[in-house]
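In: pasted the sequence and its predicted model underneath.
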Amino acid sequence: MLRKLANYLVLVIIAASLTYFLAGLSLNPKAKYEGRNPPVPIATITKSLDDINQNPDTPILERFGTWANGVAHGDLGKTIDNSSVNDDFGRRVGVSTRLLLIATLLGSVGGVALGALGAIKQYKFFDRFTTVGSFLILATPVFVLGSALQIGATQFNDGSATIKVVSEYDSEFQGRWDFEALVNRGQHMLLPMITLVLIQVALYSRYQRSTMLDVLGSDFLRTARAKGLRRRDALVKHGLRTAVLPVVPLLVYNIVLLFTGATITEKTFGWHGMGEWLVDSINRNDVNSVAAVGLFTAVLVLIAGLLSDLLYAALDPRVRA
């Protein structure tokens, strides 16, 4: 594990560096000042971009060295608006975490359970119904699914505001975390959370059903039944534990990487999380913010790799041996 961790750290450094070079060479922070009337003096543009280390006239290696030195000391630099990337990063991660944490847990557990149950009830009504439903959800674009839920919630509200259809909270609850504010945030979270849960349940259930079907006819499961173990206990203790092994890497990587933001869902429901931040940063030619998202993603891949290895070893004693 220590050897893998060292390898992952090297990969994180490489991935983060490549992201910075890609952003620094392809984005044009000067575009912020173009087309203004009256024109902004060149000296002013140069000083403003130098102050935030985003001047494209400065050699890319020099800019990268300044950025990397700041990252080593916990400073992700300045945004194109001269605000702290650290502050934006912390706020956006908090927003995405609040939205995605419950959704990923419900989606992964629900998908595994639904897929396993579908395999056990193969070709029965439940299996056919969940299969059709899963493929229907997977074939529907995320923004269409989100918009359909918004329309349905509007009809359900019938002039009231029971279910909120956009944004993270009402303006009067900004900065508040009392009971009333938490209820309001929960009302805003419901629709995007349902969207994410439906997509994840549909995805994971297809994989889990397939792996569970491979296990149902296995010798070790028949042996467990022959020794007197009840069918339900044999399926849960031996069948599901084995069937979930191939799905573990997919589950872990998808769950962890969701914290980089669910871009389309966040855009659809007006949540200002990591996914929206990445899109907006690219549109605004904000090199440091894009690099921060790239670094965060690389670290999450490292964490996902380690968690995947640990969970695989916990579920499969052969790996530990």
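Out: Right, received. Where do you want to start? Residues are numbered from 1 along each chain as shown.
In: give me the residues contacting stretch 193-203.
Out: Outside stretch 193-203, the residues within contact range by C-beta atoms under 8 Å, 6 or more residues apart in numbering are 99-100, 102-104, 106-108, 110-111, 114, 133-135, 137-138, 142, 145-146, 149, 254, 258, 262, 265, 268-269. (Each C-beta comes from the backbone N, C-alpha and C, glycine too.)
In: so where is this protein shaky, pLDDT-wise?
Out: For the chain, applying pLDDT under 70 flags the ranges 261, 317-321.
In: starting at the chain centroid, how far to the helix ranked longest in it?
Out: Counting by DSSP state H, the longest helix found in the chain is helix 179-216. Distance of helix 179-216 from the chain centroid (C-alpha atoms, centre = their mean, to the nearest Å) equals 13 Å.
In: kindly report the same for stretch 113-123.
Out: Stretch 113-123 sits 27 Å away from the centroid of its parent chain (C-alpha atoms, centre = their mean).
In: which parts of that stretch are buried?
Out: 114-120 (16 or more other C-beta atoms under 10 Å).
In: would you mind measuring from the closest residue in space to residue 91 that isn't next to it in sequence to residue 233?
Out: Take residue 91 and drop its neighbours on the chain: the residue closest to it by C-beta to C-beta, 6 or more residues apart in numbering is residue 272, 7.8 Å away. Using C-beta to C-beta, to the nearest Å, residue 272 is found at 47 Å from residue 233.
In: please say which of those two ends up with more neighbours.
Out: The residue with more neighbours, out of residue 272 and residue 233, is residue 272; 18 against 13, by other C-beta atoms under 10 Å.
In: and the more buried one, how far is that from residue 166?
Out: Going from residue 272 to residue 166 by C-beta to C-beta gives 12 Å.
In: can you check residue 271 too?
Out: Residue 271 is 9 Å from residue 166, by C-beta to C-beta.
In: looking at the two, which one has more neighbours?
Out: Set residue 271 next to residue 166 and count neighbours by other C-beta under 10 Å: residue 271 wins out with 25 against 12.
In: in contact with that one, which residues?
Out: Residues in contact with residue 271, defined by C-beta under 8 Å, 6+ apart, are 95-96, 99, 167-168, 192, 265.
In: name the residues of stretch 305-321 that are buried.
Out: Within stretch 305-321, the residues scored as buried using 16+ other C-beta under 10 Å are 305-309, 311-312.
In: got it, and stretch 77-91?
Out: The neighbour-count check on stretch 77-91 (16+ other C-beta under 10 Å) flags 77-80, 85, 88-89 as buried.
In: is the residue nearest the centre of the chain in a helix, a strand, or coil?
Out: Nearest to the mean C-alpha position of the chain, by C-alpha atoms, centre = their mean, lies residue 258 at 1.1 Å. Under DSSP: H, G, I helix; E, B strand; the rest coil, residue 258 falls in the helix class.
In: what's near enough to touch residue 285?
Out: 27-32, 80.
In: now the buried members of these.
Out: Among these, those buried by neighbour count (16+ other C-beta under 10 Å) are 27, 29-30, 32, 80.
In: just the closest of those to residue 222, please.
Out: residue 27 (59.9 Å; C-beta to C-beta).
In: the closest one - nearest residue in space that isn't next to it in sequence?
Out: Counting by C-beta to C-beta, 6+ apart, residue 27 lies nearest to residue 285, which is 4.2 Å off, once chain neighbours are set aside.
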